[in-house]
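below is the sequence, then the predicted model.
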Amino acid sequence: MGDPRMAAKNSIQVLIAGPAGSGNITSGLVIARALHKLGYHVIGVSEYPSLIRGGHTVYWVRAGVEKIYELYRTSDYIVTFDETTYTRQEKDFRGDSIVVFDPDLVKRDPPRGIKYEAPMRKIIREYKLKPITTNMLATGVIAGLMGIPLEEVAWSIKYQFRGKEKVIEENVKAAMIGYEYVAKHPLTAQTYRLEPSKPWGPRILLTGNEAIGLGFVKGDLRLYVAYPMTPASPLLHFMVRVMKDKNIPVIQAENEIAAAQMALAATWAGVRAATGTSGGGFALMNETLSEAGMLELPLTIVLAMRPGPSTGMATHSAQEDMLYSLFAGHGEFPRIVVAPADQEDAYYRAVEVLNLGWKYRVPAIILVDKHLAESIRSVPAFREDLSLDYGALIPREEAEKRIGEGWEFKPYMDTETGVPPWVPPGTKGALVKADSSEHDERGIVTEDPVNADKQYRRRMRKEGYLRRELEEKYEVLRVYGEEPDKTDLVILTWGSAAWASLEAKKLLSKDGVDLSIVQVIYLWPFPRRTFIETMKKYKDKPIVTVEYNYRGQLGILAYMETGVKTSGHIGKVDGRPFRAEDLASKIKEFLKS
């Protein structure tokens, strides 16, 4: 990738857009994987309509020598298969963007940019290629313009269509012809290439959903049950592929209520189980979540957020359900709510909440948005040396031995931590009761007020021990930035909203504005002590929340739990993530005000 006619850049952004069915997302994935294999840091982001057929789809790839957090406002290379891109993605075009299009398909010139006309329809006919391979022809053109080695593109195509030899052959041929077209018809204007990559060790390119799925496998999940609902559906699809090799059941239930109930029943049987959904499906699961609180069962739910209310925008992204996840379900009961920082974090947090849920016998929610769930990112290869903790669950053989020696098993007995012992149903000599009504230590239903008070307080006692363990042993929040005395502004954020914050930090530092970013990972039990100690360091600095919601829900939560007040909120509620420059501009406006 060292052609002297090409301007070397630290990072490059590619946009591929057109009618749904054009293969834009597939092209983006092929480019992303090729650059990832070459050692670059990569992020890939999709945008598609909530339609069965039709509409306009978009895929962005940004790759760089250094770590990539988020997309920028404009793209260096733009491939378009329709004129809709000129209006929908108009802000992606700048004067020196290189715009690739087929003049037979796209009649108008781009709003800005350097034109590169590639007669793809004509080439398809001339070489007798299948029209469906037009996207790979365009992929070859982009690779040729960027100087990506053809063999890496071919490898990426083989990976994308693995197991389909004929499809691989046809698509590699199309990409090769597109690549050769650029060699024969070079762009007279200067093009862009990436600076040489720097080695950064073993790495993996995957989505947040895939990272959670791999974390579930590592965490010894034995059943995944779900009803399809975007953006959690890809997790169901991934679990089907992965669990097939592990001989572990994955079930598509008839609805979200059934999915949650099946997963809950499996946990009662001593089986690690999880479900996944989005806002409307989670609403249907609320009664089961409350039941898990009463039965003290570690039901794990992946809540992948999208804009609401109601159906909202089904294929877009939001962080509107954070407070809802903390208080969903009637009654009070302990729970875990974790918001992974990124795709790498999603893997480790999935293992952690399985362990913690089982250790404390509480339900757990993994909170992600569509941006994290479906975007791809290059991350270091995952560690395998992770331990499993089944907490209060006593293996059947050990339980039967203890019962034979005179131990009386009580599924809801009082203990110092509030966590009662737990044995699998069917254990000889043990009556494993489970009832959603209030019950005594043996699980027998009763409305006695003394017992009710005792059981309620025992269940809630677990939360204090859980909070203490989280703050002592786990990364409950993450701080990026300057020393407190050098900080101009503190950004308080969570989940994928931190990505744009981190890119904005890079941009603003060039203008002499120094940010510190506090990203909360464990939202519940809220890490009060750690948060207060962290924010004390910035006691004289303004604090602004950056979230994909209207109210600044993390700011509300922080004030409710610790009394720490924020100075303002920068929110985005159009279903699309912040671009780095846009957020930097809003931060500047806030500082001026």
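Arrived safely. Numbering: from 1, shown residues only.

mind giving me the domain split of the protein?
Here the domain parsing of the chain from automatic domain parsing is 6-194, 205-380, 396-473, 477-592.

and the longest one, how far out from the chain middle?
Yep, that's domain 6-194 we're talking about. Domain 6-194 sits 24 Å away from the centroid of its parent chain (CA atoms, centre = their mean, to the nearest Å).

and what of the shortest one?
Domain 396-473 has its C-alpha centroid displaced from the chain centroid by 34 Å (CA atoms, centre = their mean).

sorry, back to before: which one of the domains of the chain is the most hemmed in?
The highest average neighbour count among the domains of the chain, using mean count of other CB atoms under 10 Å, belongs to domain 205-380 at a mean of 22. Where C-beta positions appear, they are placed from N, C-alpha and C, glycine not excepted.

so is the residue nearest in space to the middle of the chain in a helix, a strand, or just coil?
Note on the chain: the residue nearest the mean C-alpha position is residue 372, at 2.6 Å, using CA atoms, centre = their mean. Reduced to three states with DSSP: H, G, I helix; E, B strand; the rest coil, the structure at residue 372 is helix.

isn't it right up against residue 340?
Yes: Residue 372 is in contact with residue 340 according to CB atoms under 8 Å; the separation is 6.8 Å.

who touches both of these two?
Applying CB atoms under 8 Å, 6 or more residues apart in numbering, one finds that residue 372 and residue 340 are jointly contacted by 208, 346, 495.

tell me the contacts of the second one?
By that I understand residue 346. Contacts here follow CB under 8 Å, 6+ apart; on that basis residue 346 touches 208, 211-212, 215, 340, 366, 368, 372.

so which residues make contact with the helix or strand containing residue 377?
Taking DSSP states H and E as the criterion, the element that holds residue 377 is strand 376-380. When contacts are defined by CB under 8 Å, 6+ apart, strand 376-380 is touched by residues 29, 32, 36, 40-44, 68, 200-207, 211, 342-344.

before we move on, what about stretch 439-455?
Residues lying outside stretch 439-455 but in contact with it, judged by CB under 8 Å, 6+ apart, are 410-414, 420, 431-435, 437-438.

dump the shared contacts of residue 372 and residue 340 into CSV; add secondary structure and pLDDT as well.
Listed next are the shared contacts of residue 372 and residue 340 as CSV, based on DSSP: H, G, I helix; E, B strand; the rest coil; pLDDT from 0 to 100:
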residue, secondary structure, pLDDT
208, helix, 98
346, helix, 98
495, coil, 98
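
between these, which sits nearest residue 486?
Nearest to residue 486, judged by CB to CB, of the shared contacts of residue 372 and residue 340 is residue 495 at 26.3 Å.

out of the contacts of stretch 439-455, list just those in helices.
Secondary structure assignment (DSSP state H) places none of these within helices.

got the residues you listed as JSON lines, with pLDDT and distance to residue 351 columns?
Formatted as JSON lines, the entries for those read as follows, by pLDDT from 0 to 100; distance: CB to CB, whole Å:
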{"residue": "410", "pLDDT": "96", "distance to residue 351": "30"}
{"residue": "411", "pLDDT": "95", "distance to residue 351": "26"}
{"residue": "412", "pLDDT": "96", "distance to residue 351": "27"}
{"residue": "413", "pLDDT": "96", "distance to residue 351": "29"}
{"residue": "414", "pLDDT": "96", "distance to residue 351": "30"}
{"residue": "420", "pLDDT": "96", "distance to residue 351": "24"}
{"residue": "431", "pLDDT": "92", "distance to residue 351": "32"}
{"residue": "432", "pLDDT": "93", "distance to residue 351": "26"}
{"residue": "433", "pLDDT": "91", "distance to residue 351": "30"}
{"residue": "434", "pLDDT": "90", "distance to residue 351": "26"}
{"residue": "435", "pLDDT": "92", "distance to residue 351": "31"}
{"residue": "437", "pLDDT": "96", "distance to residue 351": "34"}
{"residue": "438", "pLDDT": "96", "distance to residue 351": "33"}
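
so residue 454 lies in a strand, does it not?
No: Residue 454 sits outside any strand when classified using three-state DSSP, being helix.

would you map the helices across the stretch 351-500 of the chain?
For the stretch 351-500 of the chain, the helices identified by DSSP state H, counting those that start in this stretch occupy 370-374, 396-404, 449-473, 497-510, in order along the chain.

contacts for the shortest one, please.
What that stands for is helix 370-374. With CB under 8 Å, 6+ apart as the test, helix 370-374 has contacts from 45-46, 207-209, 230-232, 234-235, 304-306, 315-318, 340, 342-343, 346, 495-496, 499, 548, 577.

return the alpha-carbon coordinates of stretch 374-387 using CSV.
Output of stretch 374-387 as CSV, limited to C-alpha atoms (Å, rounded to 0.1, in the frame of the first residue of the first chain):
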residue,chain,number,x,y,z
GLU,A,374,-24.4,-4.7,15.3
SER,A,375,-21.2,-2.7,14.6
ILE,A,376,-18.0,-4.5,14.1
ARG,A,377,-14.7,-3.6,15.7
SER,A,378,-11.1,-4.9,15.8
VAL,A,379,-10.2,-5.9,19.3
PRO,A,380,-7.4,-7.9,21.0
ALA,A,381,-8.0,-11.6,20.9
PHE,A,382,-10.1,-12.7,23.9
ARG,A,383,-8.4,-14.3,26.9
GLU,A,384,-9.4,-17.9,27.7
ASP,A,385,-8.2,-18.1,31.3
LEU,A,386,-11.5,-17.0,32.8
SER,A,387,-12.9,-18.9,35.8
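
got a list of what residue 434 touches?
Taking CB under 8 Å, 6+ apart as the definition of contact, the neighbours of residue 434 are 268, 295, 297, 411, 443.

if we use 6 Å, what do you get?
Shown in contact with residue 434 (CB atoms under 6 Å, 6 or more residues apart in numbering): 268, 295.

please apply the same query to residue 413.
If a contact means CB under 6 Å, 6+ apart, then residue 413 has 420, 441 as its contacts.

mean confidence score for stretch 14-30?
Predicted confidence along stretch 14-30 averages 96 (mean pLDDT).

first to last residue in that stretch, what's the distance?
When the termini of stretch 14-30 are compared using CA to CA, to the nearest Å, they are 12 Å apart.

now swap in stretch 314-323 and tell me
20 Å.

just the closest of the shared contacts of residue 372 and residue 340 to residue 248, please.
Each of these was checked against residue 248 using CB to CB; the closest is residue 346, at 19.5 Å.

if I look at the closest one, how far off is residue 382?
10 Å (CB to CB, to the nearest Å).

now, which of the contacts of strand 376-380 lie within helices?
Helix and strand membership here follows DSSP H; of the contacts of strand 376-380, those in helices are 29, 32, 36, 211, 343-344.

could those go into a markdown table alongside distance to residue 182?
Compiled in a markdown table, the ones in helices among the contacts of strand 376-380 are given as follows (distance: CB to CB, whole Å):
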| residue | distance to residue 182 |
| --- | --- |
| 29 | 21 |
| 32 | 19 |
| 36 | 22 |
| 211 | 35 |
| 343 | 32 |
| 344 | 35 |
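
let me know the closest of those to residue 361.
The shortest approach to residue 361 among those belongs to residue 211, at 25.8 Å (CB to CB).

tell me the pLDDT at the closest one?
According to the per-residue confidence, residue 211 scores 98 in pLDDT.

that one: what's its closest spatial neighbour, skipping adjacent residues?
Of all residues beyond its chain neighbours, the one nearest residue 211 is residue 346 (3.9 Å), with distances taken as CB to CB, 6 or more residues apart in numbering.
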